[in-house]
Each structure stands twice: as C-alpha cells, then as structure tokens.
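1. Just a sequence and a predicted model for now, questions to come.
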Amino acid sequence: MKKMLLAMFLIVLSLSSVSFGAKDDHYKNRVEKQKAYDKISSKYEKKIEDLNKKLSKKNDELDKAKSQKKPDNKKIKEITGERDKIKGELESVHSDFRKDLSKNKLSDF
C-alpha cells in the first residue's frame, strides 16, 4: 500500500512539474511575441498618428465648410476628396501593418 501511495505521489509530482514548466514556456513565448509586436508597431505608429491628425483637421475643415450660411459645394467636394485620400492612405498603412504582423505570425492584439 505504501509503495502504491509513493508511486502515485511521484506521478502527481512529475505531472505538476511538467505543467509548471509549460506555463513558464508559455510566458516566455508571450513576452517574445509582445516584443516582436512592439517592434513592428513602432514602425507604423508615427505614420498612423500623423494621418489621424490630418484626418481630424480635414474633418474639422469639412464641418466648417458645411456649416456656412451659403456652403460652397465646390469647396466641400474638394475637402471631401482630400479627406478621402487621407482615409485611403490610413487604410493602406493599417493594411501594411496587419501584413507585417501576419508575416511574423503575430496577431493584432
């Protein structure tokens, strides 16, 4: 009976050590992935921030043009075109960012 209890104890002990080791590996893997993600995102961060600022300014400009007593439709179309161009650039940068993450087997957290 003692031998059987000792054997069961050793089995449980060995299984728990494997489990804890797996958690450590998972944590290390997670940290490495986060570092890789941060490195890639830093390449795109400034460009995205700049485009978001430009987009915000264009939206404000468009709102101002639309709120005039006599809105200039030609000016509104021009601003809308410029805004849409910025949106396209922003989407392109986001797409490149997602492709870069995918290429490195990372996901957008």
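-> All right, it came through fine. Values in this document were obtained by computation on a predicted structure and should not be read as measured data.

2. wait, doesn't Ser107 sit right on Leu101?
-> Yes: judged on CB atoms under 8 Å, Ser107 makes contact with Leu101 at a distance of 6.6 Å. In short, each C-beta sits where N, CA and C put it, glycine included.

3. of those two, who's got more company?
-> Between Ser107 and Leu101, counting by other CB atoms under 10 Å, Leu101 is the more crowded of the two (18 against 9).

4. residues contacting that one?
-> 37, 40, 107-108 (CB atoms under 8 Å, 6 or more residues apart in numbering).

5. could I get those as CSV with distance to Asp63?
-> Listed next are the contacts of Leu101 as CSV, based on distance: CB to CB, whole Å:
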residue, distance to Asp63
Tyr37, 35
Ile40, 34
Ser107, 36
Asp108, 30
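
6. Select, from those, the two members most distant in space.
-> Ile40 and Ser107 (11.5 Å; CB to CB).

7. buried set for stretch 32-42?
-> For stretch 32-42, burial by neighbour count (16 or more other CB atoms under 10 Å) applies to 37, 40-41.

8. tell me which of the residues you listed is nearest to Leu51?
-> When the buried residues of stretch 32-42 are compared against Leu51 (criterion: CB to CB), the nearest one is Ser41, at 14.8 Å.

9. All good on my end, thank you.
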